[in-house]
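# let's see this in three dimensions:
(one chain, ligands or ions: 2)
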Amino acid sequence: MHAVTLIKGDGIGPSIMDEAVKVIDASGVKIQWEEAFAGLAAFEQFGTPLPDETMASIDRTRLAFKGPLTTVVGGSGFRSINVALRQKYELYANVRPAKSWAGVKTRYDDVDIVIVRENTEGLYAGLEHYLTPKKDIAESLAVVTRTGSQRVIDYAFKYAQDNNRKKVTVCHKANILKFTQGLFLDVARETAVRYPDIQFDEKIIDASCMHMVMDPSQFDVIVCTNMFGDILSDLTAGLVGGLGLIPGANIGNDAALFEAVHGSAPDITGKNLANPTAVIMAGVMMLDHLGEHEAAAKIKAAVEKVVNEGKFVTPDLNPQSKCGTIEMGNAIVEAMK
Ligand code: NAI
Ligand code: MG
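Ligands and ions are numbered 1, 2, ... in the order given. Sure thing, here's the model as predicted:
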């Protein structure tokens, strides 16, 4: 029995997380779900977006399965709880795999890219403020440390070795941001020497975007600082069929959190339209992390069958489909039998 903190989240969160829990439970793996609250839902209910009970649960389980949390744009709302959780539990590696699906038609059929995003520092360190009372000058500070860079870059190279990957590309902007990006690039170059079996490449971030949309096959594992990874992973999502398909793992040395790459999707909330695939695949990553490889493989095969058949899928994958979140979850459970 594994204890997991379950945070259903905001917007489409509860609807897709219910399907994910249903699918994971149907795989036969024994999970004891500890439901906890965070984000806008928690703020409205408890007056804080991150209640102590939620952190107490993660302190116990060291493992969270989380739906998307709404973070209001601009200065009036609370700071991102996603960023806060990643920093508090030092979940320094954000792993976001994007792979083409045989049944999902896109421009390319050979995309297979894993982004390893630094997840605790960079421009998301939270050092942002106005410099004048009139609020007409604002600044953000990007923090890059050798330790923070080293642990995520090592993670990327080890990930490449463990998963039979050939190449690690560091995407950076060290030509302009000579110290912060320069430090990250230096650590990547030093680290690459220690992994002679893995090919190493370096690309400037803007050119990387152009290369990625023109020929994604030249990328394998990518490692980069926080904000570049955030942006690039939505780009890779777009290459394989959209945000409804991409899971993410947030890995630290003694805690981990699994979620989709996408957000709370207010535009489709409450309409039974949200694709549960991304969070279900995040569940697969969580089960692999727990060593429950058999259950993980079973769920993965069922998701692949349903997505590739394209019949019981949500309209983001097949605009003709009348199938919703719940029906797709049911089809995945059915495919596991
Ligand atoms: P979003 O990812 O929620 O939505 C972008 C677009 O993708 C929308 O058109 C949405 O309908 C579509 N989409 C997203 N997930 C989908 C799914 N499962 N199935 C089908 N279509 C899907 O990004 P947006 O609108 O910029 O952000 C909304 C909120 O989510 C914001 O408050 C943001 O801060 C938060 N957010 C939270 C994240 C997290 O909790 N890890 C990650 C990203 C955003
Ligand atoms: Mg994002």
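
# and the residue of this protein nearest ligand 1?
Distances between the chain and ligand 1 by CB to the nearest ligand atom are smallest at Gly263, namely 2.2 Å. Heads up, the C-betas are built off the backbone N, CA and C, glycines and all.

# tell me how many other residues surround that residue.
The criterion is other CB atoms under 10 Å. On that basis, Gly263 has 19 neighbouring residues.

# what about stretch 124-137, average pLDDT?
Mean per-residue pLDDT for stretch 124-137: 94.

# quick one on the thing from earlier: look at the residue of the chain closest to ligand 1 and give its secondary structure.
coil (DSSP: H, G, I helix; E, B strand; the rest coil).

# contact partners for it?
Contact analysis of Gly263 by CB atoms under 8 Å, 6 or more residues apart in numbering lists 11, 68, 70.

# skipping adjacent residues, who's closest to the second one in space?
Spatial nearest neighbour of Pro68, excluding adjacent residues (CB to CB, 6 or more residues apart in numbering): Ser264 at 4.2 Å.

# cool, and the first one?
Nearest residue to Gly11 in three dimensions, chain neighbours excluded: Ser264, at 2.8 Å (CB to CB, 6+ apart).

# how about the residues of the stretch 201-337 of the chain by ligand 1?
Counting by CB under 6 Å from any ligand atom, the stretch 201-337 of the chain comes close to ligand 1 at 243-244, 259, 262-268, 274-275, 278, 316.

# mind giving me the PyMOL select for those, buried ones only?
Typed into PyMOL, the line below selects the buried ones among those, using 16 or more other CB atoms under 10 Å:
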select buried, resi 243+244+259+262+263+264+265+268+274+275+278+316
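
# turn the residues of the stretch 201-337 of the chain next to ligand 1 into JSON lines, including distance to Trp101, secondary structure and pLDDT.
Listed next are these as JSON lines, based on distance: CB to CB, whole Å; DSSP: H, G, I helix; E, B strand; the rest coil; pLDDT from 0 to 100:
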{"residue": "Leu243", "distance to Trp101": "14", "secondary structure": "helix", "pLDDT": "96"}
{"residue": "Gly244", "distance to Trp101": "11", "secondary structure": "helix", "pLDDT": "96"}
{"residue": "Glu259", "distance to Trp101": "20", "secondary structure": "strand", "pLDDT": "98"}
{"residue": "His262", "distance to Trp101": "16", "secondary structure": "coil", "pLDDT": "96"}
{"residue": "Gly263", "distance to Trp101": "21", "secondary structure": "coil", "pLDDT": "96"}
{"residue": "Ser264", "distance to Trp101": "24", "secondary structure": "coil", "pLDDT": "97"}
{"residue": "Ala265", "distance to Trp101": "20", "secondary structure": "coil", "pLDDT": "97"}
{"residue": "Pro266", "distance to Trp101": "26", "secondary structure": "helix", "pLDDT": "96"}
{"residue": "Asp267", "distance to Trp101": "23", "secondary structure": "helix", "pLDDT": "97"}
{"residue": "Ile268", "distance to Trp101": "20", "secondary structure": "helix", "pLDDT": "97"}
{"residue": "Ala274", "distance to Trp101": "18", "secondary structure": "coil", "pLDDT": "98"}
{"residue": "Asn275", "distance to Trp101": "12", "secondary structure": "coil", "pLDDT": "98"}
{"residue": "Ala278", "distance to Trp101": "12", "secondary structure": "helix", "pLDDT": "98"}
{"residue": "Asp316", "distance to Trp101": "12", "secondary structure": "coil", "pLDDT": "96"}
